[in-house]
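Q: Here is a sequence together with a model predicted from it:
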Amino acid sequence: MINLLKRRGGKIALAAVLIIVLGMFWLHYSKKNSANAMAAPSTIVKLMTVTQKNVSNLFTTIGTIKALQGTSISSTVDGKIASIQFTSGQTVKQGQVLFTLENEDLASTVRQDRAKYAYDEVQYQRYAKLGPLGTVSISSIDQQKSTMEQSKAQMEHDAALLNKTIITAPFTGTLGVVQVSIGQYVTAGQAIVTIEDNSSLFVDFYIPERIRDAVKVGNTVTAQSKQSHVYKWMGMVQAVDPSMDNDARNVLVRAEIKPPYENLVPGMYVDISTPLSSNKPTLVIPQQAVIYNPYGDSVFVYENGKVIQRPVVLDQRVNEDIVVLSGLKVGEKIVISGQQKLFSGMAVEIAKGN
């Protein structure tokens, strides 16, 4: 029993020694890390002073470029392509023949119809002259007139069918890429080629119900596209749809783009902006100063060597800047670079030359 107590006492003493050693080890490295942390340099940031700028209240959205006229050309009857009288991308005049369907049988039928109508018309004229002489009855004259009119109707019907096999340009414009080849059988309504009249270009875009009264005919519009270069076109609101989309509660607006139309293609998307009010002093900050989060946007404000994260309410973008509705005051300094390493209350250093 005594030996058992001695063994247990030895274990307890050994455990106590280990605890003391580990504690000293932890204390040594804690002091070392604290010293290193105190010696570590502060985060360097760039600042800017919040100021006001004269900014128009702009509405921005996405628009679609539209041609003055544009459609897909097709045949109204079934048939086999007999000839194609244009090339892809060609500019054509209104009424110019584009392609024809095989129509030899119809053409022959129309010639027969014309001959029959000509004969029936001559017969009617002869009967009409003999009527007053009493050699031809009135009923015979009426019957011959009916026969002539039927012949004329049949001729016009077949001629109309023949004309449907000859497809022409509905208006002057530029053709797209041909979708068929000679000998191919096409059905009524099948797209053969597109045609666009780009003599005038427009942009269609939607505005929300809340700004319906602010967008009026004559308002200026700026369209912009970032392709290989940044392109910008000016325009003017031409029409505002009097009705409203029942689901999205949006209103369709059409603006006419002013020439030149370089690099504009019907169907392309462009960034649209239109002013809703005149210039007025507004708080504007660079977009890179903003920290975007699902639960709210914020910026870091510099005060007495430290940064404080502050929520802000933002509005429209103006080029590389963004309008601030609330959360900042004129004269305050905000961080515009280096925010990734910051937290609220952190001490920072200002970059040289700031």
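A: Okay, I see it. Numbering: from 1, shown residues only.
Q: ok, now which ones touch Ile308?
A: Contacts for Ile308 (C-beta atoms under 8 Å, 6 or more residues apart in numbering) come out as Phe300, Val301, Ser344, Gly345. Using the backbone N, CA and C atoms, a C-beta is placed for each residue, glycine as well.
Q: For it, give the beta-bridge partners.
A: Going by DSSP bridges, Ile308 is paired in beta bridges with Val301.
Q: Use 462 as the first number for this chain going forward.
A: Got it, the first residue is 462 from now on, which makes the last one we talked about Ile769.
Q: separation between it and Ala684?
A: Applying C-beta to C-beta, to the nearest Å, the value for Ile769 to Ala684 is 41 Å.
Q: Tell me which helix or strand Ser569 sits in.
A: helix 565-591 (DSSP states H and E).
Q: Quick one: distance of that helix to the chain centre.
A: Computed by C-alpha atoms, centre = their mean, to the nearest Å, the chain-centroid distance of helix 565-591 equals 58 Å.
Q: do the same with stretch 762-778
A: Counting by C-alpha atoms, centre = their mean, stretch 762-778 comes out at 34 Å from the chain centroid.
Q: ok, now stretch 637-645?
A: With C-alpha atoms, centre = their mean, you get 29 Å for stretch 637-645.
Q: can you list contacts of it?
A: 541-545, 547-550, 560, 647, 651-657.
Q: Report all helices and strands that the helix or strand in which Asn624 is found contacts.
A: Assigned by DSSP H and E, Asn624 falls within helix 599-625. If you count contacts as 3 or more C-beta pairs under 8 Å, 6 or more residues apart in numbering; DSSP states H and E, helix 599-625 packs onto helix 565-591.
Q: Now do the helix it packs on and helix 599-625, the angle between them.
A: Angular relation of helix 565-591 and helix 599-625 on a 0 to 180 degree scale: 160 degrees, by axes from the mean of the first three to the mean of the last three C-alpha atoms, to 10 degrees.
Q: Pull out the buried positions in helix 565-591.
A: Neighbour-count burial for helix 565-591 flags Leu567, Thr570, Val571, Asp574, Lys577, Tyr578, Asp581, Glu582, Tyr585, Tyr588 (criterion: 16 or more other C-beta atoms under 10 Å).
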